[in-house]
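Colleague: return a 3D structure for these sequence lines:
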Amino acid sequence: MNWTRPKTLVGVVVLLLVVAALVIKEVFFPPVKNAYFAMDYRSLLQAPAGLIILRPTHFPFLRDEGILSVSPSRKGAQGQWIMGRNAPLGDVVAVAYDQDVSRVVMPSDATEGRFDFLVTTADNQRQQLQQLIGRNPGYMAQTETRGTQVLALKVVNVQLPGLAASGEDEQPNINFLDAKLQFTHLPVSVLADTLDRFFRIPVVDETGLTNFYDFSIPWSSETQSRMLNGEISQTALGKMLAGLGLGLKPDTVSLKMLVVTKASALRSADGKSPVQVVSAVYGEYTNFADVTHRVRDLLHQNTSFEVHPGFLEADPFVGYNKVLVIVYDVKGQRRIFTAFEGDTVSILTLLQAAGQ
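Modeller: Coordinates of the predicted model:
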């Protein structure tokens, strides 16, 4: 009889812990209908507002991967709603940092896992997705200018047989018709941007052509799929462009690239960050707010953040541009970093400023 009450209490405690765990799971990992991840805009618009989700893909068996974005029209909804299904991590990073996939440099040991993501929040959608990537799977990124191998779009036939000068009364347009991708009243640089996006290799315009043209290239859903999967050769692509009098040549140029780093690689063996924030203030003139704890918290999330009242949770001088001043230590050396309104700050930014 003496054991009855303790056993009962233990049972109640265990039950409460289980219930609490279920509640936490429901709050932090809310159930999401797989139907929201169909590759069509109507399904995306059925998702509720206020979601920010990144998860290992639920669709590893589907080859129909992709990313959609749409402006919701329902009352109270704002910004762009973004969805990705069965996407490689590099594609997710590209969306989060608003970069072309061809400009993303992944670490050699990056995860090969694929992800689903859904963003239907009203503000700072991309920054919130960056924060999720920083926490799990644990990657962060920084823009760097570096020598990069590219494909240069060049003139190979000065007659330019496939380019027709367009009239001033024409409207810019890209259209798929009769198994061709047709460009109307557009510069050749748009073709380079299009190939860049689908070929997943930086393509730069070195034609020197600045006029507006009407032109087309052979195109199909199979062509697009093969490009995205890296299954189309440069030779085959060159044949597509030959009718325009253009071609692609390997080259090396300096480009701004988004370099992705494992967050764990920046930390010491004991898990400590290489950047220790001593203090941080945000404001202008004599109106400054102490945002030390907030900056530490943002950097701890392994993500970048924008110098903005919404992120720093302070606005000491409403209506005016402000500066963020961070005093921090790196390897025992004290540094001071100043960022202006709209700038992006991360551990990588501070390490770079310290010459690390």
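
Colleague: tell me what whatever helix or strand Leu237 lives in is packed against?
Modeller: Using DSSP states H and E, Leu237 sits in helix 234-242. Counting contacts by 3 or more Cβ pairs under 8 Å, 6 or more residues apart in numbering; DSSP states H and E, helix 234-242 is packed against strand 213-218, strand 246-262. All C-beta atoms are positioned from the backbone trio N, CA, C, and that covers glycine.

Colleague: so in terms of bridging, what pairs with Val203?
Modeller: Leu151 (DSSP bridges).

Colleague: let me see the contact set for it.
Modeller: 102, 150-153, 192-193, 195-196, 248 (Cβ atoms under 8 Å, 6 or more residues apart in numbering).

Colleague: what's the answer for Leu129, then?
Modeller: Taking Cβ under 8 Å, 6+ apart, we find Leu129 in contact with 52, 54, 82, 92, 95-96, 117, 119.

Colleague: secondary structure element holding it?
Modeller: Short version, using DSSP H and E: Leu129 is in helix 125-135.

Colleague: now that helix: buried residues?
Modeller: 125-134 (16 or more other Cβ atoms under 10 Å).

Colleague: format these as JSON lines; extra columns: pLDDT.
Modeller: Converted to JSON lines, those look like this (pLDDT from 0 to 100):
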{"residue": "Gln125", "pLDDT": "85"}
{"residue": "Arg126", "pLDDT": "87"}
{"residue": "Gln127", "pLDDT": "83"}
{"residue": "Gln128", "pLDDT": "86"}
{"residue": "Leu129", "pLDDT": "91"}
{"residue": "Gln130", "pLDDT": "89"}
{"residue": "Gln131", "pLDDT": "85"}
{"residue": "Leu132", "pLDDT": "89"}
{"residue": "Ile133", "pLDDT": "91"}
{"residue": "Gly134", "pLDDT": "87"}
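
Colleague: count the residues that sit near Val156.
Modeller: 16 (other Cβ atoms under 10 Å).

Colleague: who's the closest spatial neighbour of it, skipping the chain neighbours?
Modeller: Leaving aside its sequence neighbours, Val156 sits nearest to Gly247 (Cβ to Cβ, 6 or more residues apart in numbering; 3.9 Å).

Colleague: then Val92?
Modeller: Using Cβ to Cβ, 6+ apart, the closest residue to Val92 is Phe115 (5.4 Å).

Colleague: check Ser189 too.
Modeller: Leaving aside its chain neighbours, Ser189 sits nearest to Asp205 (4.3 Å; criterion: Cβ to Cβ, 6+ apart).

Colleague: how far does stretch 89-108 stretch from start to finish?
Modeller: 13 Å (Cα to Cα, to the nearest Å).

Colleague: switch the buried residues of helix 125-135 over to TSV; also include distance to Phe337.
Modeller: Shown next, in TSV, are those (distance: Cβ to Cβ, whole Å):
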residue	distance to Phe337
Gln125	26
Arg126	23
Gln127	19
Gln128	24
Leu129	25
Gln130	19
Gln131	20
Leu132	25
Ile133	23
Gly134	19
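
Colleague: tell me which of these is nearest to Glu168?
Modeller: Nearest to Glu168 among the buried residues of helix 125-135: Arg126, at 36.8 Å, using Cβ to Cβ.

Colleague: looking at it, the closest one is touching Val92, isn't it?
Modeller: No. With contacts counted by Cβ atoms under 8 Å, Arg126 stays clear of Val92, the gap being 11.0 Å.

Colleague: how about stretch 97-106 as CSV, C-alpha atoms only?
Modeller: Only the C-alpha atoms of stretch 97-106 are listed here, as CSV (Å, rounded to 0.1, in the frame of the first residue of the first chain):
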residue,chain,number,x,y,z
TYR,A,97,19.2,34.8,-49.9
ASP,A,98,17.4,35.9,-53.1
GLN,A,99,20.2,34.6,-55.4
ASP,A,100,20.3,32.6,-58.6
VAL,A,101,21.2,28.9,-58.0
SER,A,102,24.2,29.3,-60.3
ARG,A,103,25.6,31.9,-57.9
VAL,A,104,25.5,29.6,-54.9
VAL,A,105,28.7,27.8,-53.8
MET,A,106,28.0,24.9,-51.5
